[in-house]
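S.K.: Give me a model of this one.
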Amino acid sequence: MRVPRPLLALSAVLVAAVLVWAVLNLRPAGPGAENPPPTGPASAAPALKPVDWEGGPAYYGRFPATAAAGWTDPSFFPVGVWYESVITQDDVDKDREAGINTYVELTETSDMALIRKNGMFAITGKPIGGYGAETVAWLITDEADMWAGPGDDGWTGNFPGQGPLCVPDDPHKERCGYTVMKTLKDRLPKNDGRPHYANYGKGVMIWQNDRQAGRFVNDYTDLVSLDVYWYTSYYACLDAQNSLKFRAGQCARAANYGLLIDRQRRLDALDGKRQPIYAFVEVGRPAPEDKRPIEPAELKGAVMSSLIHGARGVVYFNHSFGGPCQSQHVLRDACGVRTRPAVIEVNRQIKELAPVLNTQSLAHDFGKGVDTMLKRYGGSYYLFAMPGLDGGPGTRTFTLPPGLPAGQVEVLFENRRVPVSGGSFTDAFATESTYHIYRITP
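M.R.: Purely as a prediction, here's the structure:
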């Protein structure tokens, strides 16, 4: 049957309208909400300079192992736990529930097939029996900057506690750290598509100058991290007061975890190439001499400070060697009863905001006393903010970039909105570790 042309034209219009309605109403949900905000016109975007970075998830496309594992996916953000043992399905279930997706070093008894079956990943110091696609990178070693020192002297092959370390032997002037890094890296499988990772400590952060520390950061790794446990470490605070001129009371602050990322980013840029830098945060008392454990709010603040300063992953130190509750599985047993909920909460926020975190940050000065990170994703801007090194609890006023109109900002995960007046808004921070994440939609 032939349909009259006027009816054909009307039908085409109706079909087009239905298609437009469907597209507008079936957009995928954006981070932080069940439905995304409308995408504003590109011409409305203020001219903001991007912050230098390593390339985000695309960086992992350089390595066949991480590319095949899906680490190039903008919705994936590495969240690891240090030196675990994976034996049973219950081990994996507890770790996944806590928001962990990567094991950074494992016991030799760990079941690699179980890790692989559950879609988890591993970064290990050597091939573990049964390893395969789940092993996405190799760990060269831990804290060679501290126990071996900066230098090219000979290495005996010993590790701390096994006897003399460097040749010539002088326990007060260890100078074979570069030899250790090169030797251990050479022992790992070669040209197998896996990047190399190392973790450093107070040597890179406090004791060494830029030239010495820069060699550790730039000469051996494709992924790097640095652990100094500001909230719990008694000796780290003493060293910081002596070498970094920290004031009394300045040590146990969330902002210092961001300072670790800043130090590595500055060193990493010395050779003109950049790599992902991971954060390290304790969940208990890392050393026997530690006076207190980290508090839940402090833990979340330490993680957020690291992210604000450019951390591209998070690793939790899962061991507690001090205090009345000692464990090597804090996030699985009773020793983590206070900190595990905080880890779950902040990891849930990281997972939800991974597409935002995996974009390049934008430079904008929001004023003194506050640490901030600004991102643009899906037509909205995301402002991560918390007190900085020279700030503290109290009220802060944020002036938005010119050309970014907004009547109010949404405070994610807090079920509230803050009005914008004259291009600015004001909000309160209850403690030094308090953070807020704002979504600003033009």
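S.K.: Please list all residues in contact with the residue nearest the centre of the chain.
M.R.: The centre of the chain sits closest to residue 313, judged by Cα atoms, centre = their mean, with a distance of 2.9 Å. Counting by Cβ atoms under 8 Å, 6 or more residues apart in numbering, residue 313 touches 77, 78, 79, 80, 102, 223, 225, 276, 278, 279. Every C-beta, even on glycine, is put in place using the N, C-alpha and C of the backbone.
S.K.: what about the helices in the stretch 151-300 of the chain?
M.R.: Using DSSP state H, counting those that start in this stretch, the helices of the stretch 151-300 of the chain run over residues 177-187, 202, 210-218, 234-243, 255-268, 296-308.
S.K.: mean pLDDT for these: which is lowest?
M.R.: Ranked by mean pLDDT, those end with helix 234-243 at the bottom, a mean of 90.
S.K.: buried sites along it?
M.R.: 236, 237, 239, 240 (16 or more other Cβ atoms under 10 Å).
S.K.: Can I get those in JSON lines including distance to residue 66?
M.R.: Converted to JSON lines, those look like this (distance: Cβ to Cβ, whole Å):
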{"residue": "236", "distance to residue 66": "31"}
{"residue": "237", "distance to residue 66": "36"}
{"residue": "239", "distance to residue 66": "34"}
{"residue": "240", "distance to residue 66": "34"}
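S.K.: Tell me which two of the residues you listed sit farthest apart.
M.R.: 237 and 239 (7.3 Å; Cβ to Cβ).
S.K.: Would you mind putting the CA coordinates of stretch 143-155 into PDB?
M.R.: Extracted in PDB, the C-alpha atoms of stretch 143-155 (Å, rounded to 0.1, in the frame of the first residue of the first chain):
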ATOM      1  CA  GLU A 143      63.400   1.200  49.900                       C
ATOM      2  CA  ALA A 144      66.900   0.600  48.500                       C
ATOM      3  CA  ASP A 145      67.400   4.400  48.800                       C
ATOM      4  CA  MET A 146      67.300   3.900  52.600                       C
ATOM      5  CA  TRP A 147      69.100   0.600  53.300                       C
ATOM      6  CA  ALA A 148      71.700   0.800  50.500                       C
ATOM      7  CA  GLY A 149      72.100   4.600  50.000                       C
ATOM      8  CA  PRO A 150      72.900   6.600  46.800                       C
ATOM      9  CA  GLY A 151      75.900   5.300  45.100                       C
ATOM     10  CA  ASP A 152      77.500   2.900  42.600                       C
ATOM     11  CA  ASP A 153      79.700   1.000  45.000                       C
ATOM     12  CA  GLY A 154      79.600  -2.800  44.900                       C
ATOM     13  CA  TRP A 155      76.800  -4.800  46.500                       C
END
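S.K.: I'd like the distance from that stretch to the chain centre, please.
M.R.: Centroid separation for stretch 143-155 versus its chain: 26 Å, with Cα atoms, centre = their mean, to the nearest Å.
S.K.: Return the closest of the contacts of residue 313 with respect to residue 376.
M.R.: Checking these against residue 376 with Cβ to Cβ, the nearest one is residue 77 at 17.5 Å.
S.K.: Verify the contact between the closest one and residue 358 for me.
M.R.: Yes - using Cβ atoms under 8 Å, residue 77 makes contact with residue 358 at a distance of 6.6 Å.
S.K.: Between the two, which is the more surrounded one?
M.R.: residue 77 (25 against 19; other Cβ atoms under 10 Å).
S.K.: Could you give the number of residues near the closest residue to the more buried one other than its chain neighbours?
M.R.: The spatial neighbour of residue 77 that comes closest, neighbours along the chain excluded (Cβ to Cβ, 6 or more residues apart in numbering), is residue 354 at 4.2 Å. Neighbourhood size, residue 354 [other Cβ under 10 Å]: 18.
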